[in-house]
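A.B. asks: give me the fold of what follows.
(chains A and B)
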Amino acid sequence: MATLDTALQQLITAVTERIGMKLLWSNASPTSGFAAQTISLDLSGYDFVAIQHRWGTTVEDYHFSIVGKSKKTHLKQLENASYANVILTSRGVTVTNTGVTFEAGYSKTIYSSSSGGSQATSLIPVAIYGLKGVI
Amino acid sequence: MYAINLDEEGRILRATFEEFKDDQSILVETIPDGDITEYKYTNGSFVRDPLPAEAAAEEPTAEEDALNMLIDHEERLINLEFGMTE
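C.D. replies: Modelled structure (predicted):
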């Protein structure tokens, strides 16, 4: 039984070292604005990051986005589907081995012909997880 | 404990928990209520210094919306007449 238990423990360790998800950063004030900035993290051991985010400082709607390294993408969320003025919030993000760079947040009312505006209260990062292994 | 990061002017950029601090983080016992980016951190204290409110995007008037729709429709009609639609 001891041999089996040891083997199981070794198997679990081998699996978790190869496939895992680890919380690397958490926003302690998700109802605060978030300016463009870089969060320094050692991501060299991870294949992707999962960024948890919310539409804005005033709406508790949480989503996850999986982002690869060295490829800029935009985190996006839509809100107000039950209203005439659906609002899109967006924020550019780039992930490298040394951290995650967030650009300024933007907000755009879909029905409006006006351009979207930069708003620090839009698309708030809530947490960053490192992902490794097979997805 | 919380770990805060500041910009070049001492304004709070973000706050996280002590376990997630980085080399630039400053450890504090509490963070301000409300929007922390309205505060600067100087000499161990938080000083409220909100930025000017961002100007709300101007909403188009109903007339502007109608005119924009009209222009869009006219463009589509022209494209149809020239056989430029797929």
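
A.B. asks: chain center to the helix or strand of chain B with the lowest mean pLDDT, what's the gap?
C.D. replies: Least confident helix or strand of chain B, by mean pLDDT, DSSP states H and E, is helix B:62-81 with a mean of 75. Centroid separation for helix B:62-81 versus its chain: 32 Å, with C-alpha atoms, centre = their mean, to the nearest Å.

A.B. asks: give me the nearest residue to B:Asn5, chain neighbours excluded.
C.D. replies: Once flanking residues are discounted, B:Asn5 sits nearest to B:Leu13: 4.7 Å by C-beta to C-beta, 6 or more residues apart in numbering or on different chains. (C-beta placed from N, C-alpha, C; glycine too.)

A.B. asks: the closest residue in space to A:Phe102 that isn't next to it in sequence: neighbour count?
C.D. replies: Using C-beta to C-beta, 6+ apart and skipping the chain neighbours, the partner closest in space to A:Phe102 is A:Val93 (5.5 Å). As a burial measure, A:Val93 scores 21 neighbours (other C-beta atoms under 10 Å in any protein chain shown).

A.B. asks: likewise for B:Gly34?
C.D. replies: Other residues close to B:Gly34 by other C-beta under 10 Å number 13.

A.B. asks: give me phi/psi at it?
C.D. replies: phi 80, psi -150 (degrees, to the nearest 10).

A.B. asks: with A:Asp5 instead?
C.D. replies: Taking degrees, to the nearest 10 as the convention, A:Asp5 sits at phi -60, psi -40.

A.B. asks: and the gap between it and B:Ser45?
C.D. replies: A:Asp5 sits at a distance of 55 Å from B:Ser45 (criterion: C-beta to C-beta, to the nearest Å).

A.B. asks: wait, the residue nearest to A:Phe102 sits on A:Gly68?
C.D. replies: No: A:Val93 is not in contact with A:Gly68 according to C-beta atoms under 8 Å; the separation is 10.9 Å.

A.B. asks: how about A:Pro4, secondary structure?
C.D. replies: You called it Pro, but residue A:4 is Leu. helix (DSSP: H, G, I helix; E, B strand; the rest coil).
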